[in-house]
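Undergrad: fold the following for me, if possible:
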Amino acid sequence: MMKQIFKISAITITTLLVSCNSTPPPKETHKETTESSLMVDGKLWSSAYQQNAAEYKALCFQAYNIAKLRLDQALQKDANKALAIITDVDETVLDNSPNSVYQGLQGKGYESESWKNWTAKGTADTLAGSKNFFSYAASRGVTVFYVTNRGEDEVEGTLKNLKDFDFPYADIGHILPKTTTSDKSERREKVLKDYEVVLYIGDNLGDFSHDFDSKPSSERNSNVEKASGQFGNKFIVLPNFNYGGWEKAFYKNSYKWTDAQKDSLIKSTMKSY
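TA: Below you'll find the predicted structure:
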């Protein structure tokens, strides 16, 4: 009996010693971060998609394939004026994701000085399908106007960039930069005085109509419904998940907020379950 008690006690002591000397597994902790993630990491994530996703390239080809189809249809009709296309530049013809990556890796969002340093280089790559489409349009006698919200001080770098890729009509007479307002209505009207515009091409709804400029998301969506028949016909939309009027609408059409406040405004619009 005593031997059995001693044996049980020995086993118990050994178990306790092993338990005391063992390192317990680390407890899982949930650290809450107060740093902005959507404004910086979000830009990096969307840029990664833009630079690497085959789906992004496919969407660009799809847009320009439809544009060619619509242009061919327009060329079969009689016109009272010379034909023209109005196109945006950024994220429609030229890919500016490297600037977003450059900023994001420094923990920053958009900055005017950095942006202008980038556009001055004139080294942006082109969107898939863009060069072939505009060259084809020019070969059919259709004039191309680049209506951009790059400033007048960015024209030189922009034209260099377009010329390096042999885009047609890359000259001072066919680029219409921003002067006093980002609203493109007046510049579009200037082209319409002498030309019949058969296509509007852009990544932002403001590239097509003033009805989408500086409006809340609900109104922008409502106006898209009203103009639904135009998309894929006269309006050709390129994908841009990085920035645009859709983002500005989250911020109540003001950029006065801090990055953290912008994150909160975006999250307040999102649905979950």
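Undergrad: okay, now the unreliable bits of the stretch 151-273 of the chain?
TA: Scanning the stretch 151-273 of the chain for pLDDT under 70 picks out no residues.
Undergrad: any idea where the helices of it begin and end?
TA: With helices called from DSSP state H, counting those that start in this stretch, the stretch 151-273 of the chain shows them at 155-164, 185-192, 217-226, 245-250, 259-267.
Undergrad: got a markdown table for the ones you listed, with mean neighbour count and distance to residue 121 too?
TA: C-betas here are computed from N, CA, C, even on glycine. Below are the helices of the stretch 151-273 of the chain laid out as a markdown table (neighbours: other Cβ atoms under 10 Å; distance: least, Cβ to Cβ, whole Å):
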| stretch | mean neighbour count | distance to residue 121 |
| --- | --- | --- |
| helix 155-164 | 18 | 7 |
| helix 185-192 | 14 | 25 |
| helix 217-226 | 13 | 33 |
| helix 245-250 | 19 | 24 |
| helix 259-267 | 15 | 26 |
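Undergrad: for those, which one sits closest to residue 75?
TA: Shortest distance between residue 75 and those, using Cβ to Cβ, is found for helix 185-192: 18.2 Å.
Undergrad: please save the CA atoms from the closest one in CSV.
TA: Taking C-alpha atoms only, helix 185-192 is exported to CSV below (Å, rounded to 0.1, in the frame of the first residue of the first chain):
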residue,chain,number,x,y,z
SER,A,185,-18.0,71.4,-69.7
GLU,A,186,-16.6,74.6,-71.2
ARG,A,187,-13.7,72.8,-72.9
ARG,A,188,-16.0,70.2,-74.3
GLU,A,189,-18.3,72.9,-75.7
LYS,A,190,-15.3,74.5,-77.3
VAL,A,191,-14.7,71.3,-79.3
LEU,A,192,-18.4,71.0,-80.2
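Undergrad: which residues touch the nearest residue to residue 183 once chain neighbours are set aside?
TA: Counting by Cβ to Cβ, 6 or more residues apart in numbering, the nearest residue to residue 183 once its immediate chain neighbours are dropped is residue 213, at 5.5 Å. Neighbour list for residue 213: 182, 183, 206, 245 [criterion: Cβ atoms under 8 Å, 6 or more residues apart in numbering].
Undergrad: I'd say the third one and residue 223 touch.
TA: Looking back up the chat, that one is residue 206. No: between residue 206 and residue 223 there is no contact under Cβ atoms under 8 Å: 11.1 Å.
Undergrad: residues shared between the contacts of the two?
TA: residue 212.
Undergrad: so which helix or strand takes in residue 150?
TA: Applying DSSP states H and E as the criterion places residue 150 in strand 143-151.
Undergrad: distance from the chain centre to that strand, please.
TA: Distance of strand 143-151 from the chain centroid (Cα atoms, centre = their mean, to the nearest Å) equals 17 Å.
Undergrad: return the set of buried residues in that strand.
TA: 143, 144, 145, 146, 147, 148, 149, 150 (16 or more other Cβ atoms under 10 Å).
Undergrad: check stretch 162-172 too.
TA: Here stretch 162-172 shows 162, 165, 167, 168, 169, 170 as buried, counting by 16+ other Cβ under 10 Å.
Undergrad: what's the answer for stretch 112-124, then?
TA: Buried residues in stretch 112-124 (16+ other Cβ under 10 Å): 115, 118, 119, 122, 124.
Undergrad: what's the second one in contact with, if anything?
TA: If a contact means Cβ under 8 Å, 6+ apart, then residue 118 has 96, 98, 99, 102, 124 as its contacts.
Undergrad: rewinding a little: okay, the buried residues of stretch 162-172 in TSV with distance to residue 55 next?
TA: Below are the buried residues of stretch 162-172 laid out as TSV (distance: Cβ to Cβ, whole Å):
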residue	distance to residue 55
162	26
165	23
167	25
168	28
169	30
170	29
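Undergrad: in contact with residue 137, which residues?
TA: Counted by Cβ under 8 Å, 6+ apart, residue 137 has contacts 71, 85, 144, 168.
Undergrad: just the ones in strands from those residues, please.
TA: Per DSSP state E, strands hold the following members of these: 85, 144.
Undergrad: if we can go back for a sec, would CSV of the contacts of residue 213 with distance to residue 263 be doable?
TA: Below are the contacts of residue 213 laid out as CSV (distance: Cβ to Cβ, whole Å):
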residue, distance to residue 263
182, 24
183, 28
206, 24
245, 19
